[in-house]
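In: got a predicted structure plus its sequence, pasted below:
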Amino acid sequence: MIKINISKAKREEVEEKHYQYFKDNFLDKLISLSKVEDSFRDFYRFLLLNIEQIITGRPKELNDVIIKIDNGFPYLSSLFKKGTRQRSGHEKKLINKLNLKNIFNYDAFLKPDPPDWGAYQLTKNLNVNICPYCNRQYIVTYHSEEKKVIRPQLDHFFAKSIYPYLALSLYNLIPSCNICNSRLKRDTEFEYKKYIHPYEEGFGDSMKFSVKIREEKDINNYNDLKYLDFFFGESDEFDIKFKAGKEVNNEFIKKAENNIKVFKLEELYDFHKDNVAELIKKNMIYNKDRIKELYQNFNQLFNSKDDIVRMIVSNYITEDNLDKRVLAKLTKDICEELNLFDYT
């Protein structure tokens with residue numbers, strides 16, 4: 001999992017546009033409802049009082065809103081957290097009467113061609129091209145002349161089925177791939193303190209890919225295995241796992257493990273063992289002397305030896321560039337663990 005990197009200037013620009021979109025389209029509805037004399041008036045007034053925080057607040061601020069609603073409106077909170085099938089007929093009528101789907105109208109936000117702002121404009125401005133949850137899929141945004149839209153799916157970190165008042169919250173909309181959003185996470189209830197939020201952090205060096213060579217008891221034909229095959233990139237008798245970095249607190253480890261479990265990262269990355277094998281073979285071909293030779297002979301093409309390594313592995317291997325190409329974190333972590341392409 002990688003962090004979504006946005007510059008301060010771009011973040012402020014997106015926040016301003018997103019909040020303006022809400023004010024132009026839905027704020028009047030909330031104001032009108034907050035004046036109605038019924039049992040929901042206090043709830044509407046709470047939403048109105050905290051609306052800017054709800055729409056553009058950072059993940060922790062959104063979690064604070066959830067806590068305030070849990071404490072201040074426990075009946076409504078419990079009602080939201082009930083599944084549709086669990087709600088009685090009376091409870092379903094109450095949910096419909098609340099009209100939150102019209103106040104925080106996510107379906108309208110998804111329309112391909114709104115005048116100034118919507119899902120397409122958001123993902124285009126964020127420029128997130130790799131799924132932050134898995135780092136395995138491209139999620140580019142493209143708008144053709146025929147006005148057909150290609151864009152990432154938007155995952156609600158706090159599920160909109162449970163927290164309908166966060167359906168349009170900027171930092172609750174995570175650009176992601178179809179597999180992570182629709183096939184794996186779906187309506188899983190993510191809690192702020194139990195899962196890593198990609199707008200705040202990624203795995204970084206705190207949780208890294210690691211190679212685990214299988215033990216004898218895990219291999220069917222152990223007698224046929226040559227121990228050195230792995231180090232020549234000729235064996236697939238290993239698994240790709242995660243390991244915690246040094247001096248990582250238990251809270252982070254538990255959160256990372258929850259993300260790994262929900263998005264099936266170890267299971268899915270086991271399909272990329274060939275990438276590890278290729279890295280090992282390339283390391284044998286492009287040893288320290290070969291990298292030095294390339295740098296000397298083609299210095300007009302490369303600004304540094306890091307650029308040569310990036311060409312060799314066909315990927316980025318620095319933390320601040322992991323969002324530019326799929327499998328970049330796997331490449332970086334395995335190169336570091338196996339000490340590949342050491343040109344120092």
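Out: Structure received. Residues are numbered from 1 along each chain as shown.
In: residues in contact with the strand or helix carrying N259: which ones?
Out: Element membership of N259, judged by DSSP states H and E, is helix 250-262. Applying Cβ atoms under 8 Å, 6 or more residues apart in numbering, the contact partners of helix 250-262 are 1, 133, 184-185, 188, 193-196, 203, 206-207, 242, 244, 265-266. Where C-beta positions appear, they are placed from N, C-alpha and C, glycine not excepted.
In: closest to F46 out of these?
Out: Nearest to F46 among the contacts of helix 250-262: K193, at 22.6 Å, using Cβ to Cβ.
In: so that closest one belongs to a strand, correct?
Out: No: if the criterion is DSSP: H, G, I helix; E, B strand; the rest coil, then K193 is coil and not within a strand.
In: ok, back up a step: tell me the one of the contacts of helix 250-262 nearest I67?
Out: Lowest distance from I67 to the contacts of helix 250-262 (Cβ to Cβ) belongs to K193, with 10.8 Å.
In: let me see the contact set for the closest one.
Out: N63, E251, K255.
In: quick check, pLDDT for it.
Out: The model reports K193 with a pLDDT of 96.
In: kindly report the same for K93.
Out: Reported pLDDT for K93: 88.
In: residues contacting it?
Out: So K93 contacts nothing (Cβ under 8 Å, 6+ apart).
In: one step back: let's see which of the contacts of helix 250-262 end up in helices.
Out: Counting by DSSP state H, the part of the contacts of helix 250-262 found in helices is L265, E266.
In: which of the contacts of helix 250-262 are buried, as a PyMOL select command?
Out: To isolate the buried ones among those in PyMOL, judged by 16 or more other Cβ atoms under 10 Å, type:
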select buried, resi 1+133+184+185+195+196+203+206+207+242+244+265
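In: any stretches of this structure with poor pLDDT?
Out: 84, 114-115, 215-235 (pLDDT under 70).
In: could you chop it up by domain?
Out: Following automatic domain parsing, the chain resolves into domains at 8-185, 210-242+272-337.
In: that older thread, chain center to the helix holding N259, what's the gap?
Out: 14 Å (Cα atoms, centre = their mean, to the nearest Å).
In: kindly report the same for stretch 298-307.
Out: 32 Å.
In: over to Y269. Which of the three states is it?
Out: Following three-state DSSP, the label given to Y269 is helix.
In: got a list of contacts for stretch 166-173?
Out: 14-15, 18-19, 22, 26, 54-59, 62, 65-66, 100-101, 104-106, 109, 122, 154-158, 160, 163, 197, 199.
In: ok so, going back, distance to N259 added to the domains of the chain, as TSV?
Out: As requested, those are exported to TSV (distance: least, Cβ to Cβ, whole Å):
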stretch	distance to N259
domain 8-185	7
domain 210-242+272-337	10
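In: and those domains: which comes nearest Y343?
Out: Comparing the domains of the chain under Cβ to Cβ, the one sitting nearest is domain 210-242+272-337, at 4.4 Å.
In: buried ones in the helix holding N259?
Out: Quick answer for helix 250-262 (16+ other Cβ under 10 Å): F252, I253, K255, A256, N258, N259, I260, V262.
In: next: stretch 31-45.
Out: Neighbour-count burial for stretch 31-45 [16+ other Cβ under 10 Å]: L33, S34, F40, F43, Y44.
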